[in-house]
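A.B. asks: next one to model:
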Amino acid sequence: MKFKIISTLTLLIAFVVTLQSQQNPDLGIFESSSDIGNVKHKGTVVFNATDSTYTISGSGTNMWFNTDELHFAYKMMSGDVSLEATIEMLGAGVDPHRKACLMIRQSLEPDAPYVDIAVHGDGLTSMQYRETKGGLTHEVKSNRIAPKKALLQKKGKYIAMQLASANGDLAYAGGSLRMNFEEPYYIGLGVCSHNSDVVETIKFTKVSINKIEEKSNQPMKVKSTLEILDIASLNRRVVHLPKEHIEAPNWTPDGKTLIYNSQGLLYSIPVEGGSPELIPTDFANKINNDHGISPDGTQMVISDQTESGSSIIYSIPIAGGVPKKITPLSPSYWHGWSPDGKTLAYCAERNGNYDIYTIPFEGGEEVRLTDTEGLDDGPDYSPDGKYIYFNSTRTGTMQIWRMKPDGSEQQQITTDKYNDWFAHPSPDGKWLVYVTFNTDVPAGDHPPNKDVMLRLMNLESKEVMVLAKIFGGQGTINVPSWSPDSQQIAFVSYAPR
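C.D. replies: Below is the predicted model of the structure:
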């Protein structure tokens, strides 16, 4: 009797082990795989140890909105890490939005926070993310199409993507995100067919997961990304990934071009992306990030330090030319242009104090509008010309204020604990976008390479929402950068290298 019980127990254990091996085959560097969400067809993973290839089949309606459906091969990890893979779409595919994903997830629940690099069947490539459980999915769309290699990197609270063609080297692809994942988290490869009735198969080769070790005492180097953000969807699109450091994009009134500064010069680039073109500025080669475009789109103003070593405001034709001096005194930093094109608003230091001034575009006497102790900066006109918005430290933290164009009726607009800078009203007068620094940054400072938020205020309800959490600050959105239709903003984000 004893022998029979032991034999039965042995057979039961063997059956369980066999069943587990069928459910969890050798997955190489991954621990397991599973379907996420209510998929119609069960997914599979086949691992070939000979060439470290993962062939993953998955179904699923989509990975978007507030829930996901996919098949996911994963490993639980903590700390800083990168996941790299070469991607091969198998077959013609049924839906052009079938997805091959390198992914980090907080959990295996379908509505979990996550971030991924999603390479679509039609070549569209983006970093998709859901910041909160049950929240909506957003994306940062890359300007690179159909990459063959991808690398997803988590370094601290920052997520970045690198992409490459078949024979190229991986390179930073812009649009880094700031997201907090609790440890441990899930990292791995996912496939979604984007059609509940279809199973798609994708091959991942040269797959590796690597821990990232922090290098101490190394000077920080950053990469710049010129981006456009849609305020309705909060989705972002990479326009340009320069080798050089860039700052402060303007949007031309015709909606076709962005203008930014880099290394003391100005460049223009189509909003769709492409090759930047240098704007000739004659002797002016120390232009800072306080530049702007006239309401009629024919003129520009620049703030340049070439002549005296201190910032002076000049005008030039929109296509470039010889700068014409406007402000006889310095330092003067341009920030706003009246809707009728006749007056400039700017920040200037006079007698040891920074205040808001105005001056005729054609030149003349400057008029001081603020006279409180502390820093007043960043003036920009409302589109109806009734107000000038600016930021001020007069209450202890940097907050957004507004006043009449003659300096009267100064009124505080923001009242939170953060430090708010560079408020820009939308062309339709409905919105106010500004950059917010955390409390660890002194009120009178707007340094580079900080955790910042782009925030949006509804000027009727005064409701404030976060558009994006990015690494940036100085250079991100110093100047007016709204699209003419008030639907998008241009900005520069940065990412540690």
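A.B. asks: CA only for contacts and neighbour counts going forward, please
C.D. replies: OK.
A.B. asks: could you say which helix or strand holds the residue nearest to the spatial centre of the chain?
C.D. replies: Centroid check for the chain by Cα atoms, centre = their mean gives G175 as the closest residue, at 4.4 Å. Here G175, judged by DSSP states H and E, is contained in no helix and no strand.
A.B. asks: ok, the helix or strand hosting Q128: who's next to it in the sheet?
C.D. replies: Per DSSP H and E: Q128 is located in strand 125-130. Applying DSSP bridges to the sheet, strand 125-130 is found paired with strand 114-120 (antiparallel), strand 138-141 (antiparallel).
A.B. asks: winner for burial among those?
C.D. replies: strand 114-120 (a mean of 26; mean count of other Cα atoms under 10 Å).
A.B. asks: quick one, strands of the stretch 101-250 of the chain?
C.D. replies: For the stretch 101-250 of the chain, the strands defined by DSSP state E, counting those that start in this stretch cover 114-120, 125-130, 138-141, 149-155, 158-164, 171-172, 177-178, 185-192, 200-211, 222-230, 236-240, 247-251.
A.B. asks: between the fourth one and strand 114-120, how big is the angle?
C.D. replies: Strand 149-155 and strand 114-120 are oriented at 170 degrees to each other (axes from the mean of the first three to the mean of the last three Cα atoms, to 10 degrees).
A.B. asks: mind giving me the packing neighbours of strand 149-155?
C.D. replies: Contacts defined by 3 or more Cα pairs under 8 Å, 6 or more residues apart in numbering; DSSP states H and E place strand 149-155 against strand 81-89, strand 99-105, strand 114-120, strand 158-164.
A.B. asks: and these: which comes nearest S311?
C.D. replies: strand 158-164 (34.5 Å; Cα to Cα).
A.B. asks: between strand 99-105 and the closest one, find me the angle.
C.D. replies: Using the same axes, to 10 degrees: strand 158-164 against strand 99-105 is 150 degrees.
A.B. asks: and the contacts of stretch 435-446?
C.D. replies: 374-375, 393, 396-398, 417-423, 450-455, 473-474, 476-477 (Cα atoms under 8 Å, 6 or more residues apart in numbering).
A.B. asks: closest to S303 out of the strands paired with strand 125-130?
C.D. replies: S303 sits nearest to strand 138-141 of all these, at 31.7 Å, using Cα to Cα.
A.B. asks: chain center to that closest one, what's the gap?
C.D. replies: The chain centre lies 9 Å from the centre of strand 138-141; the measure is Cα atoms, centre = their mean, to the nearest Å.
A.B. asks: just to revisit the earlier point, nearest to E362, of the strands of the stretch 101-250 of the chain?
C.D. replies: Among the strands of the stretch 101-250 of the chain, strand 247-251 sits nearest to E362 (Cα to Cα), with 21.6 Å.
A.B. asks: tell me what that closest one is packed against?
C.D. replies: Short answer (3+ Cα pairs under 8 Å, 6+ apart): strand 247-251 packs on strand 257-262, strand 488-496.
A.B. asks: can you add mean pLDDT and give those back as JSON lines?
C.D. replies: Compiled in JSON lines, the helices and strands packed on strand 247-251 are given as follows (pLDDT from 0 to 100):
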{"stretch": "strand 257-262", "mean pLDDT": "98"}
{"stretch": "strand 488-496", "mean pLDDT": "95"}
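A.B. asks: redo the strands paired with strand 125-130 as TSV? Include mean pLDDT.
C.D. replies: Output for those, formatted as TSV (pLDDT from 0 to 100):
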stretch	mean pLDDT
strand 114-120	98
strand 138-141	97
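A.B. asks: nearest to D355, of those strands?
C.D. replies: When the strands paired with strand 125-130 are compared by Cα to Cα, strand 138-141 sits nearest D355, at 37.5 Å.
A.B. asks: residue boundaries of the helices in the protein?
C.D. replies: Listed in chain order, the helices of the chain (DSSP state H) span 2-23.
A.B. asks: by mean pLDDT, which helix or strand of the chain comes out lowest?
C.D. replies: Across the helices and strands of the chain, the lowest-confidence element by mean pLDDT, DSSP states H and E is helix 2-23, at a mean of 38.
A.B. asks: next, the buried residues of stretch 419-433.
C.D. replies: For stretch 419-433, the neighbour count (16 or more other Cα atoms under 10 Å) marks N419, D420, W421, F422, A423, H424, P425, S426, P427, W431, L432, V433 as buried.
A.B. asks: pretty sure the last one sits against W421.
C.D. replies: No - with contact defined as Cα atoms under 8 Å, V433 does not reach W421; the gap is 9.5 Å.
A.B. asks: ok, for T257, nearest residue in space, not its chain neighbours?
C.D. replies: P270 (4.5 Å; Cα to Cα, 6 or more residues apart in numbering).
A.B. asks: for T67, give me its contacts.
C.D. replies: G37, P110, D111, A112, G134.
A.B. asks: mind listing the residues bridging to it?
C.D. replies: Beta-bridge partners, per DSSP bridges, of T67: W64.
A.B. asks: look up how far E200 lies from it.
C.D. replies: Per Cα to Cα, to the nearest Å, T67 is found 19 Å from E200.
A.B. asks: domains of this structure?
C.D. replies: The chain breaks down by automatic domain parsing into domains covering 28-211, 222-496.
A.B. asks: one step back: tell me how far the residue nearest to the centre of the chain lies from Y434.
C.D. replies: Counting by Cα to Cα, the gap from G175 to Y434 is 19 Å.
A.B. asks: what of I388?
C.D. replies: 14 Å.
A.B. asks: ok, now P405?
C.D. replies: For P405 relative to Y434 (Cα to Cα), the value is 20 Å.
A.B. asks: more neighbours: the two, which one.
C.D. replies: Per other Cα atoms under 10 Å, whichever of P405 and Y434 has more neighbours is Y434, with 23 against 20.
A.B. asks: which residues are in contact with the closest residue to the more buried one other than its chain neighbours?
C.D. replies: Nearest residue to Y434, sequence neighbours excluded (Cα to Cα, 6+ apart): A423, at 4.4 Å. Taking Cα under 8 Å, 6+ apart, we find A423 in contact with G378, P379, D380, Y389, F390, N391, I400, L432, V433, Y434, V435.
A.B. asks: again, but for L177
C.D. replies: Residues near L177 by Cα under 8 Å, 6+ apart: Y158, I159, A160, K469, I470, F471.
A.B. asks: okay, the residues you listed in CSV with distance to N288 next?
C.D. replies: As requested, the contacts of L177 are exported to CSV (distance: Cα to Cα, whole Å):
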residue, distance to N288
Y158, 28
I159, 29
A160, 28
K469, 24
I470, 22
F471, 20
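A.B. asks: will you turn those residues into JSON lines that also has neighbour count?
C.D. replies: As requested, the contacts of L177 are arranged in JSON lines below (neighbours: other Cα atoms under 10 Å):
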{"residue": "Y158", "neighbour count": "19"}
{"residue": "I159", "neighbour count": "23"}
{"residue": "A160", "neighbour count": "24"}
{"residue": "K469", "neighbour count": "19"}
{"residue": "I470", "neighbour count": "23"}
{"residue": "F471", "neighbour count": "23"}
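A.B. asks: mind giving me CSV with the residues you listed and columns for distance to V140 and pLDDT?
C.D. replies: Below are the contacts of L177 laid out as CSV (distance: Cα to Cα, whole Å; pLDDT from 0 to 100):
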residue, distance to V140, pLDDT
Y158, 14, 94
I159, 12, 96
A160, 11, 95
K469, 12, 96
I470, 12, 96
F471, 14, 95
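A.B. asks: low-confidence regions, the stretch 1-150 of the chain specifically.
C.D. replies: Residue ranges of the stretch 1-150 of the chain with pLDDT under 70: 1-25.
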